[in-house]
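[1] starting from these lines, generate the structure:
(one chain, ligands or ions: 2)
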Amino acid sequence: MRVIKTTKSLCPVDLRVLDAELWEVDGQVLMKKSCPEHGNFEDVYWSDYKEYLRAEQYRDHGIGLSNGREPKVGCPRDCGLCRNHMTHTTLLIIELTNRCNLRCLICFAQAGAKNGTGDLSKEQLRSILEYAQEINYPLRVRGVGNSGGEPTLRDDLPEIIQMEKELGYDYVLIMTNGLRLAQDIDYFKKIRDLDAWLYLQFDGVTPEPYIKARGLDLWPIKQKVLENARKIGYNKIALIPTLAKGINDDQVGDMIRFSAENSDIIKFLVFQPVSFSGRIDTTKLKEMRITNSDVIRLAEEQTRGEIKKGDFFSLPMNQTLARMITKGGQNQDFCVHPHCGLISIVDYEKGKLIPVPRYIDNEKLYKNMRKGFELKWSRPRMMWSLMTSSILHISPKLWFKLLPKLLTTRSSKSITSLLTNWLPETWLTIGIMHFMDPYNFDLDRVQNCALHFGVIGKDSKPRLIPFCSMNSIHRLSMNGKGELTEADLIVLAKSQEQATQLP
Ligand code: SF4
Ligand code: SF4
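    Numbers count the residues shown, from 1 in each chain. Ligands and ions are numbered 1, 2, ... in the order given. Modelled structure (predicted):
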């Protein structure tokens, strides 16, 4: 039992900034902190210390923001982004509307809350989109996620996507519960024609998780979205399960297998361990808490070892890869904190899940690439080293699989386009990202965040706020509390039932 890191966190009661410590205790990593007014708090940060250390070894750093706002009162209250922020925006997230056609019990955005901000106007959206490019200059933000509330409630979503593309965002996502896409195939066709991606809320492959987490059975709706996608020839789908103990932690393996079996249309599966922000019942923290290391353990157990914990790597490893494929890092900053997320890729062949990292001596390949950056090798030398170490450390079997795509795809502008354009159809990318809440909030992670909310501040000007900072702190001051009472929920449950009828 010992302290392994000191950081800053929040008091979960009044959100004041507190000193916090990470402790190794019986093979787990716990966050401990103490508020002079509200007492001591303890939460599981990572359930497996060994995996925590393995993730840590891929720590990398963003290249910093030179155009950020002047910090005034100290992190995390200066979000804007401020000049102390370490990483550029990989994904800009905009809540187009606070309206939603569901009232999920675990919604971190408190969508539909009474004092919600409503819809952003097109002018406001444009100002956020332009500001994000300005503050990230000279790098370009390529990814934008249209979120909510439920973004498909906006009939003008196709026009908004058009505007985003015109402003240089070439990777456009729609973060949706899928209701409208299940019910309205013509609307779905418009999304397809704009080449946008669906990030589809997806809690499992049976009715039970939906009933527990969302209050009603949405499984037929999810199946209908996938059926409609096939019908209209659409294949840009990422499934996004929010994972919570006792709700769907027994379906990790089934969700991986389901996604792999449907990899003709599903390209990503991104598990999000539940975050205790927003509408969720925080008294269930101990019962429902699940961390990144739990997810990879469950993946191993529930695929009976077809995928192992060691097949996952922490996300900042991508920073090195991204620099490699994009002019030596001059136009790419794809770095987050090593304890935010994990990634792996699996191939699905003849009913078997085959993790792609098994074809690669990843440690050696990675070490060699890192060495190149640390020693500031010239680009030709770097490319030569990449080529030779790829031959040495990647199995010929993998080259054989990749070759047809490599020969037919001309270039890759970003890591995302690498994942989507260069990879064989039978491959599924599995990601895990654990969004933080006031209980496990770690300032070190937030300062390295690359997912940024674009919002209009109280001064009517655009601001960017790191995702976890927004949900843990800033959302309350921007929206007011706006919580729904129990009576509100009963009335809303009835309208939900009507809203989810299929034609
Ligand atoms: S989280 Fe980032 S943007 Fe926000 S105050 Fe801290 S350093 Fe600045
Ligand atoms: S959104 Fe949260 S979990 Fe994801 S990179 Fe940012 S700080 Fe980390």
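[2] any idea how far residue 238 is from the residue positioned nearest the centre of the chain?
    Geometric centre of the chain, nearest residue: residue 433, 5.3 Å, by CA atoms, centre = their mean. Distance of residue 433 to residue 238, computed by CB to CB, to the nearest Å: 12 Å. In this view, the C-beta of every residue, glycine as well, is placed from N, C-alpha and C.
[3] quick one, phi/psi of the residue lying closest to the residue nearest to the centre of the chain once chain neighbours are set aside?
    Of all residues not flanking residue 433 in the chain, residue 341 sits nearest, at 4.0 Å (CB to CB, 6 or more residues apart in numbering). Main-chain dihedrals, residue 341, degrees, to the nearest 10: phi -150, psi 160.
[4] isn't residue 341 right next to residue 435, touching?
    No: counting by CB atoms under 8 Å, residue 435 is not a contact partner of residue 341; they are 9.7 Å apart.
[5] beta-bridge partners for the closest residue to residue 306 other than its chain neighbours, please?
    With sequence-adjacent residues excluded and distances taken as CB to CB, 6+ apart, residue 306 is closest to residue 353, at 4.3 Å. Residue 353 has these beta-bridge partners by DSSP bridges: residue 348.
[6] wait, residue 353 touches residue 260, no?
    Yes: if you go by CB under 8 Å, residue 353 and residue 260 touch, sitting 5.9 Å apart.
[7] the more surrounded of these two?
    residue 260 (25 against 21; other CB atoms under 10 Å).
[8] OK, contacts around that one?
    Residues near residue 260 by CB atoms under 8 Å, 6 or more residues apart in numbering: 346, 348, 353, 428.
[9] residue 263 is in contact with the second one, correct?
    Yes: Residue 348 is in contact with residue 263 according to CB under 8 Å; the separation is 5.8 Å.
[10] quick check: neighbours shared by those two?
    Contacts common to residue 348 and residue 263, judged by CB under 8 Å, 6+ apart, are 426-428.
[11] ok, back up a step: between residue 353 and residue 260, which contacts overlap?
    Both residue 353 and residue 260 are contacted by residue 346, under the criterion CB under 8 Å, 6+ apart.
[12] before we move on, the earlier item: greatest separation within the contacts of residue 260: which pair is it?
    353 and 428 (8.5 Å; CB to CB).
[13] overlap in contacts, those two.
    In contact with both residue 353 and residue 428: 256, 260, 346, using CB under 8 Å, 6+ apart.
[14] and for the last one, the neighbour number?
    The criterion is other CB under 10 Å. On that basis, residue 346 has 28 neighbouring residues.
[15] from here on, count from 7
    Noted, 7 is the first residue going forward, which turns the last one into residue 352.
[16] show me what the helix or strand containing it is packed against.
    Applying DSSP states H and E as the criterion places residue 352 in strand 347-355. On a contact count with 3 or more CB pairs under 8 Å, 6 or more residues apart in numbering; DSSP states H and E, strand 347-355 meets helix 258-267, helix 298-308, strand 319-320, strand 358-361, strand 433-439.
[17] and these: which comes nearest residue 460?
    With CB to CB as the measure, strand 433-439 is the member of the helices and strands packed on strand 347-355 nearest residue 460 (18.6 Å).
[18] so what touches that closest one?
    262, 265-266, 269, 272-279, 298, 301-302, 305, 313, 318, 321, 346-354, 362, 425, 429.
[19] with stretch 41-59 instead?
    10, 17-20, 22, 24, 28, 30, 33-40, 61, 291, 295, 297-300, 302-303, 315, 345, 445-446, 448.
[20] just to be sure, residue 206 is in a strand?
    Yes: counting by DSSP: H, G, I helix; E, B strand; the rest coil, residue 206 falls inside a strand.
[21] can you list the low-confidence ranges for the stretch 157-306 of the chain?
    Within the stretch 157-306 of the chain, the ranges that satisfy pLDDT under 70 run 284-287.
[22] give me that answer again for 90
    The stretch 157-306 of the chain contains residues with pLDDT under 90 at 176, 218-221, 281-294.
[23] would you map the helices across it?
    Secondary structure of the stretch 157-306 of the chain (DSSP state H, counting those that start in this stretch): helices at 163-172, 185-189, 191-199, 213-220, 225-237, 258-267, 291-294, 298-308.
[24] of the ones you listed, which is nearest ligand 1?
    Within the helices of the stretch 157-306 of the chain, the stretch nearest ligand 1 is helix 298-308; the backing value is 20.5 Å (CB to the nearest ligand atom).
[25] that closest one versus strand 433-439: what angle between them?
    140 degrees (axes from the mean of the first three to the mean of the last three CA atoms, to 10 degrees).
[26] let me see the contact set for the residue lying closest to residue 368 once chain neighbours are set aside.
    Excluding its sequence neighbours, the residue lying closest to residue 368 (CB to CB, 6+ apart) is residue 319, at 6.8 Å. Residues near residue 319 by CB under 8 Å, 6+ apart: 61, 64, 348-350, 363, 368.
[27] correct me, but residue 247 touches residue 210?
    Yes: here residue 247 reaches residue 210: they are 6.9 Å apart, a contact under CB under 8 Å.
[28] if we can go back for a sec, tell me the confidence at the residue nearest to residue 368?
    We note a pLDDT of 92 for residue 319 in this prediction.
[29] show me what it is bridged to.
    residue 349.
[30] could you measure it against residue 63, distance?
    For residue 319, the distance to residue 63 equals 10 Å [CB to CB].
[31] quote the end-to-end distance of stretch 19-37.
    Taking CA to CA, to the nearest Å, stretch 19-37 runs 16 Å from one end to the other.
[32] that one close to ligand 1?
    No: using CB under 6 Å from any ligand atom, we find that stretch 19-37 stays clear of ligand 1, coming within 10.6 Å at best.
[33] run the chain-centre distance for that stretch.
    23 Å (CA atoms, centre = their mean, to the nearest Å).
[34] report the secondary structure element holding residue 475.
    Going by DSSP H and E, residue 475 is part of helix 473-475.
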